[in-house]
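Undergrad: Sharing a model that was predicted from the sequence below.
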Amino acid sequence: EMQPVRDRVIRVTFNADVHSSMQWNFKPQQSEIFVVPGETALAFYKAKNPTDKPIIGISTYNVIPFEAGQYFNKIQCFCFEEQRLNPQEEVDMPVFFYIDPEFVEDPKMAKVDLITLSYTFFEAKEGQKLALPGYQ
């Protein structure tokens, strides 16, 4: 049972990119939200396939500052699986997350009041598996 830390407000901003070969339009639906550690939050991204063929996308993400990433927990995210968009299809993609209340106990996080969540979409080919770094 998490207890929200009401006296510590964090601004979370959102970024969206696509790889140069990816033809989707992809953007956050909000530029920022304010959250407190220990409280869940919901944000949305929008993706559109403006082409005349289906495209499967897979996303990677990062959290800045990097050290805050260990406290940033996604409960539900479009990034957990491939996304297939049909020609001209547009979808809303939710990210349900929270910042662990232990964030406020970490001295390295004392001056952190801004966290950026950034996603990059890449085109995935049907049946293609991405290699794990360091494994053959």
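TA: Sure, I can see it. Numbers count the residues shown, from 1 in each chain.

Undergrad: Backbone dihedrals for the closest residue to residue 103 other than its chain neighbours, please?
TA: Leaving aside its sequence neighbours, residue 103 sits nearest to residue 71 (C-beta to C-beta, 6 or more residues apart in numbering; 4.1 Å). C-beta: built from backbone N, CA, C; applies to glycine. Dihedral angles phi and psi of residue 71 (degrees, to the nearest 10) take the values phi -100, psi -10.

Undergrad: Run a quick neighbour tally on the residue nearest to residue 68 when sequence neighbours are not counted.
TA: Leaving aside its sequence neighbours, residue 68 sits nearest to residue 115 (C-beta to C-beta, 6+ apart; 5.1 Å). Residue 115 has 20 neighbours, counted by other C-beta atoms under 10 Å.

Undergrad: ok, now the one 5 residues further on?
TA: Applying other C-beta under 10 Å, we find 18 other residues in the vicinity of residue 120.

Undergrad: and if you look at residue 7?
TA: With other C-beta under 10 Å as criterion, residue 7 counts 7.

Undergrad: got a pLDDT number for it?
TA: Looking at residue 7, its pLDDT is 94.

Undergrad: Confirm it sits in a helix?
TA: No - the assignment for residue 7, made by DSSP: H, G, I helix; E, B strand; the rest coil, is coil rather than a helix.
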